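> Fold the following and give me the result.
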Amino acid sequence: MAVRHFLTLLDLSPAELDQLIDNAIALKRSWQTGEVRDSLKNRVLAMIFEKSSTRTRVSFEAGMAQLGGSALFLSPRDTQLGRGEPIEDTARVISSMSDAVMIRTFEHDKIERFAGVSAKPVINALTDDYHPCQLLADMQAYREHRGSIRGATVAWIGDGNNMCSSYINAARQFDFHLNIACPEGYDPDSALMAENADRVSLVREPEEAVHDAHLVVTDVWASMGQEEEQAARARAFAPYQVSPSLMERTDRDAVFMHCLPAHRGEEVSEDMLDHPAAIVWDEAENRLHAQKALLEFLILGA
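Predicted coordinates for the structure are as follows:
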């Protein structure tokens, strides 16, 4: 059977994604009741980090431990990748010694090249283009709090970055409409927008994007690697802060999410993470359980 990878949400069918979210919710409940699970006993996840991380490293490492397996943390300083070994050579070796490989890197091309020769499943734990693992956690959080997201309206406020691109894919896979509000010059990928024109609307005013929305999402204004653009981005995105006053324009039962880390006073107001609509802490915890479900799916075919 061909190796399955998870580089974007499009690597799984909508039915498989729904099944995965259901399993994530079940795994969360069983973990909360203290149930011991060893479905990945003696299995090893290799974790390659070229970008720093909090939630990604902790969730994958803890997730493997909770399922009876183990995880190896590998940085460019610890491997020959940092000394110029071809990605394909590294992929062949690491995938021969592990049961899955998780990669957090910059260029999306790197993870595609790695997966192209890997003998084991490869998981995209964030590239400059996509962040599909975060979307699993987000979709799980919405389902837990509000039920199915099918047919809902989602508002993305801010940069047309990797998270925004994954939300565009999610609109297709989970069947909702996505309103994107961003300043000129910071639009999402045009080809991706064109491919999903029936599900995605691009506007300039946050107030228009959030009108009657069921979910509002944002992210930092300057992602990793864009620190030199911080001042210019702060000026461009100043009108795009998510605040309680902006949430007043949404559906009465709307929820708010942020993938974290959050910069209070910038993309979110100082009090937004404490707003009754904010479910960011459940969203963050779900990285653990959604990824456990993903690991079982890819490693066990379950």
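> Look up the pLDDT of Gly225 for me, please.
Per-residue confidence (pLDDT) for Gly225: 62.
> what about the helices in the protein?
With helices called from DSSP state H, the chain shows them at 14-32, 55-66, 87-97, 108-117, 132-146, 162-174, 190-195, 206-209, 230-237, 244-247, 280-300.
> between the ones you listed, which gets the lowest average pLDDT?
Looking at the helices of the chain, the weakest mean confidence is helix 230-237, a mean of 91.
> In that one, which residues are buried?
Within helix 230-237, the residues that count as buried by 16 or more other Cβ atoms under 10 Å are 233, 236-237. Any C-beta I mention is one placed from the backbone N, CA and C, and that applies to glycine too.
> How about stretch 175-187?
Here stretch 175-187 shows 176-183, 186 as buried, counting by 16+ other Cβ under 10 Å.
> closest to Ile157 among the residues you listed?
Checking the buried residues of stretch 175-187 against Ile157 by Cβ to Cβ gives Ala181 as the nearest, at 5.2 Å.
> if you skip the residues just before and after it, what's nearest to that closest one?
Spatial nearest neighbour of Ala181, excluding adjacent residues (Cβ to Cβ, 6 or more residues apart in numbering): Ala209 at 3.7 Å.
> Report how many residues lie close to the one you found.
A count of nearby residues for Ala209, using other Cβ atoms under 10 Å, gives 26.
> residues contacting it?
Contacts for Ala209 (Cβ atoms under 8 Å, 6 or more residues apart in numbering) come out as 155-157, 179-181, 201, 203.
> What is the most widely separated pair among those?
Ile157 and Ser201 (13.1 Å).
> Settle it for me: which of those two has more neighbours?
Per other Cβ under 10 Å, whichever of Ile157 and Ser201 has more neighbours is Ile157, with 26 against 15.
> hang on, isn't the more buried one packed against Ala213?
No: contact status for Ile157 versus Ala213: not in contact, 9.7 Å apart, counting by Cβ atoms under 8 Å.
> Next one, pLDDT for the residue sitting furthest away from the middle of the chain please.
Using Cα atoms, centre = their mean, the residue of the chain lying farthest from its centre is Arg83. It sits 29.0 Å away. Note on Arg83: pLDDT of 71.
> what's near enough to touch it?
With Cβ under 8 Å, 6+ apart, Arg83 has no contacts at all.
> That one and Ser96, how far apart?
20 Å (Cβ to Cβ, to the nearest Å).
> Likewise for Val36?
30 Å.
> rewinding a little: filter the contacts of Ala209 down to just the ones in strands.
Judged by DSSP state E, strands contain the following of the contacts of Ala209: 155-157, 179-181, 201, 203.
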